[in-house]
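> Give the three-dimensional model of this entry:
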Amino acid sequence: GVTSVIDGPSNTASLVALGASYAAATFCNSLNAGSGLNDYTDWYLPARNELEVLYYFLKPTTAANNTGNGSNAYAVSPEPISTAYTSGSPTQTSAGIGFRTGETDAFASGTYWSSTEISSIFAWGQVFNNGSQANFSKNDSFYVRAVRRIPI
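Down below sits the predicted model:
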């Protein structure tokens, strides 16, 4: 019943309240990390459309995108709202040092869990090889990326 596609903090809190079997949410919720001087404890497992925004802006590779994915009604400008990817858009991140394949903060070329459930046995995942989003069995092992919201 944790189905928000945009509210990762609420999804994470709900999953944590359900118990330790939700390891990805529990990990993100209990994370205490930062720069050393300023450690943060407000980390969460991103919801489906939050994870898509991360792919759009921090795509780690130059690989072609899956053109059947990417449509996000909650996209963040300048990402086009509710528009599927083209093979070349989004492009590899230009966010600077750290987010491209092989760099410190890059997403791995694999699948990441979101906090958005589909059912008691399936949840959404984002594939960082090509931008695909799909439902996966909760028994599958994938990557987890803890995120936090900051005012800008």
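
> Okay, and the most centrally placed residue in the chain sits in which element?
Among the residues of the chain, the smallest C-alpha distance to the mean C-alpha position (CA atoms, centre = their mean) belongs to residue 51, namely 2.7 Å. Assigning secondary structure by DSSP states H and E places residue 51 in helix 48-58.

> how much distance is there from the helix or strand bottoming out on mean pLDDT in the chain to the middle of the chain?
Ranked by mean pLDDT, DSSP states H and E, the weakest helix or strand in the chain is strand 33-34, scoring a mean of 86. Going by CA atoms, centre = their mean, to the nearest Å, the spacing between the C-alpha centre of strand 33-34 and its chain's C-alpha centre is 18 Å.

> try stretch 80-94
Centroid separation between stretch 80-94 and its chain, computed with CA atoms, centre = their mean, is 16 Å.

> next one: stretch 16-31
For stretch 16-31, the distance from its own C-alpha centre to the chain's C-alpha centre is 16 Å (CA atoms, centre = their mean).

> Name the residues of it that come out as buried.
For stretch 16-31, burial by neighbour count (16 or more other CB atoms under 10 Å) applies to 16, 22, 24, 25, 26, 28, 29, 31. For every residue, glycine as well, the C-beta is placed using N, CA and C.

> in its sheet, what does the least confident helix or strand of the chain sit against?
Strand 33-34 sits in its sheet next to strand 39-40 (antiparallel), going by DSSP bridges.

> residues in contact with the partner strand?
Under the contact criterion CB atoms under 8 Å, 6 or more residues apart in numbering, strand 39-40 has outside partners 32, 33, 34, 148.
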